[in-house]
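*Asks:* Got a predicted structure here, sequence first:
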Amino acid sequence: MAPNPAADTALWPAPHASGAVDATVHVPGSKSVTNRALVLAALASEPGWLRRPLRSRDTLLMAGALRAMGVAIEEGVGPDGTGEAWRVLPTGLRGPATVDVGNAGTVMRFLPPVAALADGPIRFDGDPRSYERPLHGVIDALRVLGARIDDDGRGALPLTVHGGGALDGGPVEIDASSSSQFVSALLLSGPRFNQGVEVRHVGSALPSMPHIRMTVDMLRAVGAQVDTPESGGEPNVWRVTPGALLGRDLTIEPDLSNAQPFLAAALVTSGKVLIPDWPARTTQPGDRLREIFTEMGGSCELTDYGLEFTGSGAIHGIDVDLSEVGELTPGIAAVAALADSPSTLRGVSHLRLHETDRLAALTKEINELGGDVTETADGLHIRPRALHSGVFHTYEDHRMATAGAIIGLAVEGVQIENVATTAKTLPDFPALWTGMLEA
Ligand SMILES: O=C(O)C1=C[C@@H](OP(=O)(O)O)[C@@H](O)[C@H](O)C1
Ligand SMILES: C=C(OP(=O)(O)O)C(=O)O
């Protein structure tokens, strides 16, 4: 298995801001869009292009897994001769192959349905944490849809999908309350199943709805027919018609969730940060930051050039349901710990099964710097207190590292353990962060 570059115990002195930041930060491509685009291009019936793809641990694992199944992903410039790009040449999906999922939710959930279409066994393995992250929704559904899967009975990794070259597909019920990625995974490969797929979510609340909308939008953009609750269908039911997928030329949007720490820097230093190429319309959950960070004290302006976000000097607490945008929680918690009033972050109990138990990790690390955070059944209650120096542990979670860096801007002497773990989705983070402060 590929080594995990994230396993590192080095301490990184988080830069402390001596004044207001004033910077333009070019944020690399979206992890969620890049990994969906790779899967859809691999399943298409003709070659496609991804321009400005994110190159990070999660996306390189996705590309490596697809290559192992026979898909050619070539380095190149885009069709117009500008910008870095990947050219994806789909082929018949082959087994046997081995897939390293690392700790990438998108890889461990989106690829077993793809593997069911391969013509041989595909073995899935990953980091120790990947064994603990929920996968039952995908495994159980694929069995109902006709796949043969060997696992150890826990409904989790490691496992082998015995690809049979095709899959019946059809209707299936799943409980996706622990991860929206179960729904996205089945929809993404659905056009290639003989009968398509009809996914019915039957559990309690479904998190991360914008990510399901992203899946639906991207499927439609490559020619798939998708019926959704929003398009007049039944609540909690998504239907994908079988059919060929087109190869497209897609430019990947900047990762708005990875823009979060830079916007937070403007908020906590009363500064100004410009993020070029912020899309005018997007399904990325990070777009909600315009509203959330405005309520917390900033202001923003979206122009043709990008998003300009300005801090006002005040940082307010917030009472907010983050169930749709759970991956923003660590960064919001970091800002909330520096605010002038308490915050309640709700609707995110599923974060206990993310890269790490994020609710426990945020509580422990902020409190060890002198904070006052308590876990609730579905989130965090944060009462700001004067924080002091110390080590901020990151538990191989990229968003813990960036949350610690936000606190470090305002609190002298914070050291981030294993800042290299940001390589999961943003390998350039330390350089972008120091570059922002030197601008
Ligand atoms: O589909 C996606 O790209 C994602 C969906 C969400 O997962 P959950 O629904 O498991 O939270 C999100 O947290 C994750 O970072 C990316
Ligand atoms: C939850 C996250 O990632 P994953 O795709 O591994 O689920 C995340 O990036 O915050």
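*Replies:* Good, I have the coordinates. Residues are numbered from 1 along each chain as shown. Ligands and ions are numbered 1, 2, ... in the order given.

*Asks:* which residues touch residue 116?
*Replies:* 142, 145, 146, 147, 161, 163, 164, 167, 189 (C-beta atoms under 8 Å, 6 or more residues apart in numbering). C-beta: built from backbone N, CA, C; applies to glycine.

*Asks:* The fifth one belongs to a strand?
*Replies:* Yes - secondary structure of residue 161 (DSSP: H, G, I helix; E, B strand; the rest coil): part of a strand.

*Asks:* shouldn't it be in contact with residue 115?
*Replies:* Yes - counting by C-beta atoms under 8 Å, residue 161 does reach residue 115; the two are 3.9 Å apart.

*Asks:* any shared contact partners between the two?
*Replies:* Common neighbours of residue 161 and residue 115 (C-beta under 8 Å, 6+ apart) are 122, 124.

*Asks:* who are the neighbours in contact with residue 160?
*Replies:* 121, 122, 123, 124, 149, 150, 151.

*Asks:* Between the contacts of residue 116, which sits nearest residue 32?
*Replies:* Among the contacts of residue 116, residue 189 lies closest to residue 32 (C-beta to C-beta), at 16.5 Å.

*Asks:* where does that closest one fall, helix, sheet strand or coil?
*Replies:* helix.

*Asks:* Give me the nearest residue to it, chain neighbours excluded.
*Replies:* residue 113 (3.7 Å; C-beta to C-beta, 6 or more residues apart in numbering).

*Asks:* For the protein, which element, helix or strand, carries the lowest mean pLDDT?
*Replies:* Ranked by mean pLDDT, DSSP states H and E, the weakest helix or strand in the chain is strand 72-77, scoring a mean of 90.

*Asks:* list the buried ones in that strand?
*Replies:* residue 73 (16 or more other C-beta atoms under 10 Å).

*Asks:* Can you list the strands that that strand pairs with?
*Replies:* If you go by DSSP bridges, strand 72-77 pairs up with strand 84-89 (antiparallel).

*Asks:* How about the partner strand, which residues are buried there?
*Replies:* Using 16+ other C-beta under 10 Å as the test for burial, strand 84-89 gives 85, 86, 87, 88, 89.

*Asks:* list the contacts for the fourth one?
*Replies:* Right, residue 88. 38, 41-42, 44, 47-50, 66, 71-74, 247.

*Asks:* what's the neighbour count on the closest residue to ligand 2 within the chain?
*Replies:* Closest contact between the chain and ligand 2, by C-beta to the nearest ligand atom, is at residue 105 (2.4 Å). Residues within reach of residue 105, counting by other C-beta atoms under 10 Å, total 26.

*Asks:* same thing with residue 63?
*Replies:* 22.

*Asks:* Likewise for residue 370?
*Replies:* 14.

*Asks:* From residue 413, how far off is it?
*Replies:* Distance, residue 370 to residue 413, by C-beta to C-beta, to the nearest Å: 12 Å.

*Asks:* overlap in contacts of these two?
*Replies:* Counting by C-beta under 8 Å, 6+ apart, the shared contacts of residue 370 and residue 413 are 388, 390.

*Asks:* hang on, the earlier thing: the residue of the chain closest to ligand 2 and residue 133 touch, don't they?
*Replies:* Yes - counting by C-beta under 8 Å, residue 105 does reach residue 133; the two are 6.5 Å apart.

*Asks:* Residues that sit against both of these two, list them.
*Replies:* 179, 354.

*Asks:* What are the boundaries of the helices in this protein?
*Replies:* 31-43, 57-68, 105-115, 136-144, 181-189, 209-221, 256-269, 289-295, 329-336, 358-368, 398-410, 429-438 (DSSP state H).

*Asks:* Pipe those into JSON lines and attach distance to ligand 1 per row.
*Replies:* Formatted as JSON lines, the helices of the chain follow (distance: least, C-beta to the nearest ligand atom, whole Å):
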{"stretch": "helix 31-43", "distance to ligand 1": "3"}
{"stretch": "helix 57-68", "distance to ligand 1": "9"}
{"stretch": "helix 105-115", "distance to ligand 1": "5"}
{"stretch": "helix 136-144", "distance to ligand 1": "10"}
{"stretch": "helix 181-189", "distance to ligand 1": "5"}
{"stretch": "helix 209-221", "distance to ligand 1": "4"}
{"stretch": "helix 256-269", "distance to ligand 1": "7"}
{"stretch": "helix 289-295", "distance to ligand 1": "14"}
{"stretch": "helix 329-336", "distance to ligand 1": "9"}
{"stretch": "helix 358-368", "distance to ligand 1": "10"}
{"stretch": "helix 398-410", "distance to ligand 1": "9"}
{"stretch": "helix 429-438", "distance to ligand 1": "16"}
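
*Asks:* count of residues packed around residue 94?
*Replies:* Residues near residue 94, counting by other C-beta under 10 Å: 16.

*Asks:* got a list of what it touches?
*Replies:* 69, 70, 118, 119, 120.

*Asks:* count of residues packed around the last one?
*Replies:* Counted with other C-beta under 10 Å, the burial measure for residue 120 works out to 16 neighbours.

*Asks:* Sounds good, over and out.
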